[in-house]
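Enquirer: Provided below for reference: sequence and predicted model.
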Amino acid sequence: MRFDSEYFNLGYLDTLSYKDTFIHRLDPRTKLLVTLIFIIFVVSNSKYEITKLIPFLIYPVFLLTSGNIPLRAVLKKILIISPFLIFIGIFNPIFDKRTIYMIIGIPISQGWISLFSIILKFILTVSSAILLIAVTSFPGICEALEKMKVPKILVIQLLFLYRYLFVLLEESLKIVRAREARSFGKRGKDIKTFTKILSVLLIRSLERAERIYQAMLSRGFKGEIHLLRKHSIGFNDIVFAASFLTIFYILKVYNIVNIFGEELKSIFF
Amino acid sequence: MSHHILEIKDLYFTYPDGTNALSGVSLKIFHGESVGITGANGMGKTTLLLNIGGHLLPTKGEISIGDITLSKKTRQDIRKKVGFVFQRTDDQLFMPSVYEDVAFGPINIGLSPDKVEERVKLSLEMVGCLHLINRPPHRLSEGQKRAVAIATVIAMNPDILIMDEPASNLDPRSRRQLINLLKGFEHTKIIASHDLDLILDVCERCIIIKDGKIVADGYTPNILSDKRLLEENSLELPLSIQGAYSHI
Amino acid sequence: MHMADALLSPAVGGTMWALTAGTILYSARKLKDKIDDKMIPLMGVLGAFIFAGQMINFTIPGTGSSGHIGGGMLLAILLGPYPAFLVISSVLIIQALFFADGGLLALGANIWNLGFYPCFIGYPLIFKKIIKGRFTNKGVMYASILSVVISLQLGALSVVFETKLSGITELPLSTFLLLMQPIHLAIGIIEGFITGAIVLYVRKLRPDLVENLEGIKTLPSGVSIKNVLISMAIIALITGGILSWFASTHPDGLEWSIEKIYGKPEVPEHPSPITEGLKTLQEKTAILPDYSIPSTSKEESETSSWPQVKPDTSLSGFLGSIMVLLLIFLFGFCIKIIRKSKTKHEI
């Protein structure tokens, strides 16, 4: 059931984000910015680019290995390639038929190239997004956002959502399972039942919000929420950012794959 | 140390939908007393607590803590004196980390960051959860949440500690730890609970509420060994007493 | 209908981000003084509610496949436009980070597509106007369905244009529209129905919880949606222009539109030191110098120039790729070893 797997996935990434490694200890701002710049570099490659994209894998690989993140955390997400993406991308080979490559005598059309490029870009951007959260706790990201002048009300909203997400997921799990137990065969997935489930969940959520508010009042809440700032930019952050930004730039300007390829060719052929 | 008296005079409370939850409650609680409030469900225990804590305002009657009488204007002041531990821990721990949850109260009082840190560490130490200081609340067990919730409240140095069903959902070991913790607190305590053995263990005074009125108020071992009284209120003898009377 | 980074060009992605960021800032400002303390826990919990609600599937009648709600309109009805927009943003932000739904670049577009239309168009301009403060069964259902349908149509339309303007897909515009709009019409009707039903049901069961809740009461009087839309349009044009200029080293999306305008695959030359330098850079680093984007019509693809198939390039590309992958793998392995030895030392 999709619900179960996504719920556990959420918890899994969340757990990973509290590890203690070099990369986990970096200031969240650094990781956020470098990842965003990474994504922009990746996406700005042309639609037919493949070889230039491959070296970009170095960034997700670094995050994965230095953060001690198990490969399956990322793999699962990548393998379930967004249906929308395939749906849109599959039209490329259909409409774009000019042959551009010959690999072992088989002509490959541009359309396939662009589809493959899309898939590569997808792998790079998705893995880096997942790894970002895996090596930076969510409150860490919120801290970065607040320092970067994102409106405080949105940051607080993110933290509260995150806090009660697990609570609400458990609650909805209970309701859903109760329904399943009572709707033999149909599994309670029809719209009428669904509406009832959500209505009950909504009512419980509204009641919960009320109780939380009372708890806040009981501890002197007057409208201001004060967040703790745990991180600061250090030497490691600067080294990390400078190194990778330089790498990204080099990869953008020079086609490393081709350079190596030419060298290998001249050596062996 | 002044003697903070909680005094309730003829308290009535009616909910907006017309339910009469409290019909004339009067009582006095003295500094350092440990009072258990029990009774069948829906009889008014939680409502009484919410009134004392200033979350609900009396429909009729008067509540005063020390020399402050509860009113719309004095609500906030009353809340500073009362540490309320709610029934559901998830509602009480709403910040991203334990530290920030426990610091919430002290910061709102206006303490300096150093003092806040001091209070936080002290409170967590008192409930035995100092090692959890950087954890996010959704990664705590129920027992840990309960302890931390208590810490969030005692960090404000309240005069009175109010707890609504503190032992619900706790496994036996956590429950035992909670009982020991409460026994060690010197605050005035008001605890609403079905867990009669807990009340027997922690509170020397016990009050039974029925239909919004107090029907019994006295020394706990006396009240809780009165089988007929208990049964009239949909309660049973505490398990620890039942053992002694098991031949009946 | 989540957009994905891989389908988005930086120019389009950046523009959508600018629009979304602007709307977020605007909403936050609007709420700053007006906000009821209670809103903070309320927004948080309702955000979690929508998140959880999106994860529960239901069977779409007639098709047997499962669907889930977006929830934007429901939030707008419960909270009002500004808080609802922030809540939707927060839900999508978390989904982008934890589920990598779409991606971080596309996040701006996603928040816009799924949040702007229900909050600022569907709710104030359609739902509220139909309801006029009276919550009758028929009125609510009708208003819900209509406002959700329109919001979703606008959202789907946006996705189409964002994708096409990015120039990454070959899908012809007409086909794309034909695929997106009808599906979202159906989804809109269903979600509109569900939204209306939930609103009615909760109002009936627990009027005490919702009586102060209607978005109506939180919408500050005198807000001009028109002004909001006009400012957004201006931001979009300016940002889009600036970003397209910056992106001119790889003007893929731009080439597509330029081609449409000029009828030629290349920009008419206006040499300047900057463009000359960039052009040299591009030529040096391009693997396919002078490739042209095939247009969507047959005749143009026949007349555009085309490089010869180069087996040499393919081989070096192939060899180089293997080599780089091996190096990266080695790199990762070294990092692992370094990390392990460091932890050993610390013990």
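Expert: Looks like it came in fine.
Enquirer: What lies in contact with the helix or strand bottoming out on mean pLDDT in chain B?
Expert: Least confident helix or strand of chain B, by mean pLDDT, DSSP states H and E, is helix B:239-244 with a mean of 76. For helix B:239-244, the surrounding residues in contact (Cβ atoms under 8 Å, 6 or more residues apart in numbering or on different chains) are B:196-197, B:200, B:224-225, B:236. Bear in mind the C-beta positions are built from the backbone N, C-alpha and C, glycine included.
Enquirer: redo that, cut-off 6 Å
Expert: Helix B:239-244 is contacted from outside by B:197, B:225, using Cβ atoms under 6 Å, 6 or more residues apart in numbering or on different chains.
Enquirer: Smallest gap between the stretch 101-250 of chain A and chain B, at which residue?
Expert: At 3.3 Å from chain B, A:Gly220 is the closest residue in the stretch 101-250 of chain A, using Cβ to the nearest Cβ.
Enquirer: Looks to me like that residue is in a helix.
Expert: No - counting by DSSP: H, G, I helix; E, B strand; the rest coil, A:Gly220 falls outside a helix, being coil.
Enquirer: Quickly find the element holding B:Asp101.
Expert: Using DSSP states H and E, the element containing B:Asp101 is helix B:98-109.
Enquirer: which one is B:Val116 nearest to, not counting chain neighbours?
Expert: Nearest residue to B:Val116, sequence neighbours excluded (Cβ to Cβ, 6 or more residues apart in numbering or on different chains): B:Pro106, at 4.5 Å.
Enquirer: follow-up on the earlier one: mind giving me the packing neighbours of the helix holding B:Asp101?
Expert: Packed against helix B:98-109 by the contact rule (3 or more Cβ pairs under 6 Å, 6 or more residues apart in numbering or on different chains; DSSP states H and E) you find helix B:113-126, helix B:142-154.
Enquirer: Let's see that with 10 Å instead.
Expert: helix A:191-218, helix B:75-81, helix B:113-126, helix B:142-154 (3 or more Cβ pairs under 10 Å, 6 or more residues apart in numbering or on different chains; DSSP states H and E).
Enquirer: Would the shortest one count as contacting chain C?
Expert: No - Helix B:75-81 does not reach chain C (Cβ under 10 Å from any Cβ of the partner chain); its nearest approach is 12.4 Å.
Enquirer: sorry, back to before: how about the CA coordinates for the helix holding B:Asp101, as CSV?
Expert: This file holds the C-alpha atoms of helix B:98-109, laid out as CSV (Å, rounded to 0.1, in the frame of the first residue of the first chain):
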residue,chain,number,x,y,z
VAL,B,98,13.4,18.8,23.4
TYR,B,99,15.5,21.8,24.3
GLU,B,100,13.3,24.2,22.5
ASP,B,101,10.2,22.7,24.0
VAL,B,102,11.5,23.0,27.6
ALA,B,103,12.9,26.5,26.8
PHE,B,104,9.6,27.7,25.5
GLY,B,105,8.1,28.6,28.8
PRO,B,106,11.2,30.3,30.3
ILE,B,107,11.7,32.3,27.2
ASN,B,108,8.1,33.5,27.3
ILE,B,109,8.6,34.6,30.9
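Enquirer: how far out from the middle of the chain is that helix?
Expert: Counting by Cα atoms, centre = their mean, to the nearest Å, helix B:98-109 is centred 19 Å from the centre of its parent chain.
Enquirer: and it, average pLDDT?
Expert: Averaged over helix B:98-109, pLDDT sits at 94.
Enquirer: same thing with stretch C:51-62?
Expert: Mean predicted lDDT for stretch C:51-62 stands at 84.
Enquirer: now do stretch C:170-189
Expert: On average, stretch C:170-189 scores 83.
Enquirer: Need the nearest residue in space to residue 147, chain neighbours excluded.
Expert: I'll assume chain A. A:Arg29 (6.1 Å).
Enquirer: nope, chain B please
Expert: Using Cβ to Cβ, 6+ apart and skipping the chain neighbours, the partner closest in space to B:Ala147 is B:Val127 (4.2 Å).
Enquirer: ok so, going back, OK, contacts around the residue nearest to B:Val116?
Expert: Contacts of B:Pro106 were listed using Cβ atoms under 10 Å, 6 or more residues apart in numbering or on different chains, and they are A:219-220, B:112-113, B:115-120, B:123, B:152, B:155-157.
Enquirer: Point out the residues in the stretch 1-150 of chain C that sit beside chain B.
Expert: With Cβ under 10 Å from any Cβ as the criterion, the stretch 1-150 of chain C meets chain B at residues C:40-41, C:44-45.
Enquirer: how far away is the residue nearest to B:Val116 from chain C?
Expert: Per Cβ to the nearest Cβ, to the nearest Å, B:Pro106 is found 19 Å from chain C.
Enquirer: beta partners of the residue nearest the centre of chain B?
Expert: Taking Cα atoms, centre = their mean, the centroid of chain B lies closest to B:Met163, which sits 1.8 Å from it. Following DSSP bridges, B:Met163 is listed with bridge partners B:Val85, B:Ile191.
Enquirer: mind listing what it touches?
Expert: Contact analysis of B:Met163 by Cβ under 10 Å, 6+ apart lists B:36-37, B:49, B:83-87, B:146, B:149-150, B:153, B:178, B:182, B:189-193, B:202.
Enquirer: same thing with B:Lys81?
Expert: Applying Cβ under 10 Å, 6+ apart, the residues contacting B:Lys81 are B:4, B:6, B:53-54, B:65-66, B:68, B:156-160, B:188.
Enquirer: domain ranges for the chain?
Expert: In the absence of a named chain, this looks at chain A. Domain ranges of chain A: A:1-148+A:229-254, A:151-223, per automatic domain parsing.
Enquirer: Chain C was what I was after
Expert: Domains of chain C are assigned by automatic domain parsing as C:5-223, C:243-304, C:310-347.
Enquirer: Which positions within the shortest one qualify as buried?
Expert: Think domain C:310-347. By neighbour count on 16 or more other Cβ atoms under 10 Å in any protein chain shown, the buried set for domain C:310-347 is C:313-321, C:323-324, C:328, C:332, C:335, C:339.
Enquirer: Next step: the residues you listed restricted to strands.
Expert: Per DSSP state E, strands hold no members of those.
Enquirer: Keep these, but drop any that are not near chain A.
Expert: Among these, chain A is touched by C:313-321, C:323-324, C:328, C:332, C:335, C:339 when using Cβ under 10 Å from any Cβ.
Enquirer: Distance of the residue of chain B found nearest chain A relative to A:His226?
Expert: For chain B, the residue closest to chain A is B:Asn108, as judged by Cβ to the nearest Cβ, at 3.3 Å. B:Asn108 sits 8 Å away from A:His226, going by Cβ to Cβ, to the nearest Å.
Enquirer: Who has more neighbours out of those two?
Expert: Under the neighbour definition other Cβ atoms under 10 Å in any protein chain shown, B:Asn108 and A:His226 were set side by side, and B:Asn108 has more, 21 against 13.
Enquirer: how many other residues sit next to the residue of the stretch 101-250 of chain A closest to chain B?
Expert: A:Gly220, neighbours per other Cβ under 10 Å, totals 17.
Enquirer: That one is in contact with B:Val82, isn't it?
Expert: No - counting by Cβ atoms under 10 Å, A:Gly220 does not reach B:Val82; the two are 11.3 Å apart.
Enquirer: Buried residues, the longest helix along chain A. List them.
Expert: What stands out as the longest helix in chain A, according to DSSP state H, is helix A:152-182. If you call a residue buried by 16+ other Cβ under 10 Å, then helix A:152-182 has these buried ones: A:153-169, A:171-173, A:175-176, A:179.
Enquirer: give me the subset of those residues touching chain B.
Expert: Among the buried residues of helix A:152-182, chain B is touched by A:156, A:158-160, A:162-168, A:171 when using Cβ under 10 Å from any Cβ.
Enquirer: Contacts only, for the closest residue in space to C:Ala156 that isn't next to it in sequence.
Expert: Of all residues not flanking C:Ala156 in the chain, C:His184 sits nearest, at 4.1 Å (Cβ to Cβ, 6+ apart). By Cβ under 10 Å, 6+ apart, C:His184 lies in contact with C:1, C:149, C:151-157, C:159, C:191.
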